[in-house]
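Chemist: Take this sequence and fold it.
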Amino acid sequence: MASSSKLPPIGDVPPLTTEERARILDLLFEPSTQLHTLSVPLLHEKTFSSYNDLIAAVGAQLTDLSGSASTSDTAWLLDILGSHPRLGAKNVESVQSQAEQAQLQGSGEEAGQLKVLNDEYENKFSGLRYVVFVNGRSRPTIMEDMKRRIADSDTKNEQTGAIRAMCEIAADRASKLL
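Modeler: The predicted structure follows:
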């Protein structure tokens, strides 16, 4: 790949090395050994007409894990979903997440409320992390969404929502990294 912060043309993906295909997944999603194991072969075996098609195929793999009755598949999925940083986290690994998290700057009181909501969400949905496509929404708007999801959702709905959000985030990142 020409640059570690840009995506190569989609047609150039299949012949890339395993490490380069893993880096593409890291740029689009978040660094995750489990996601590498699941999806790096897909990026070699299949040709995609666009990054949105690639993202949809990874989303289908994650949805298949979500629908599985296997506890090991569920654990695998939760590890992948958990690769996303907590909203409001200070130490964020990926450059993309750092920029996205910067949109959520707020007061110290709001940061404390967000931490409480993250804890509450993770206690209610054991093993899950709240994942949402921020897309310019304010911290108070996001916190209201968290409260609603804590009150209304069940674990399967949350898994589906997290997969959808990860794919929305990946599509947004792809549009910025081409």
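Chemist: which parts of the longest helix along the chain are buried?
Modeler: Longest helix of the chain, by residue count under DSSP state H: helix 155-177. By 16 or more other CB atoms under 10 Å, the buried positions in helix 155-177 come out as 158-174, 177. The C-beta positions use only the backbone N, C-alpha and C, and glycine is treated the same way.
Chemist: Pull out the buried positions in stretch 64-81.
Modeler: For stretch 64-81, by 16+ other CB under 10 Å, it's Leu65, Ser66, Thr74, Trp76, Leu77, Leu78, Ile80, Leu81.
Chemist: lowest average confidence, helix or strand, in this structure?
Modeler: helix 95-102 (a mean of 64; mean pLDDT, DSSP states H and E).
Chemist: helix/strand/coil for the residue lying closest to Leu178 once chain neighbours are set aside?
Modeler: Using CB to CB, 6 or more residues apart in numbering and skipping the chain neighbours, the partner closest in space to Leu178 is Leu7 (5.4 Å). Assigned by DSSP: H, G, I helix; E, B strand; the rest coil, the conformation of Leu7 is coil.
Chemist: What ranges in this structure fall below the confidence cut-off?
Modeler: For the chain, applying pLDDT under 70 flags the ranges 1-4, 90-94, 96-106.
Chemist: how about the helices of it, start to end?
Modeler: Using DSSP H, helices in the chain cover 18-28, 33-45, 51-67, 71-81, 95-102, 108-124, 139-152, 155-177.
Chemist: tell me what the last one is packed against?
Modeler: So the one you mean is helix 155-177. Secondary-structure packing of helix 155-177 (3 or more CB pairs under 8 Å, 6 or more residues apart in numbering; DSSP states H and E): helix 18-28, helix 51-67, helix 71-81.
Chemist: could I get those as a markdown table with distance to Ser126?
Modeler: Listed next are the helices and strands packed on helix 155-177 as a markdown table, based on distance: least, CB to CB, whole Å:
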| stretch | distance to Ser126 |
| --- | --- |
| helix 18-28 | 26 |
| helix 51-67 | 15 |
| helix 71-81 | 9 |
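Chemist: what's the closest of those to Gln34?
Modeler: helix 71-81 (4.6 Å; CB to CB).
Chemist: in the protein, what residue sits furthest out from the centroid?
Modeler: Glu109 (26.4 Å; CA atoms, centre = their mean).
Chemist: So it versus Lys115, what's the distance?
Modeler: According to CB to CB, to the nearest Å, Glu109 and Lys115 sit 11 Å apart.
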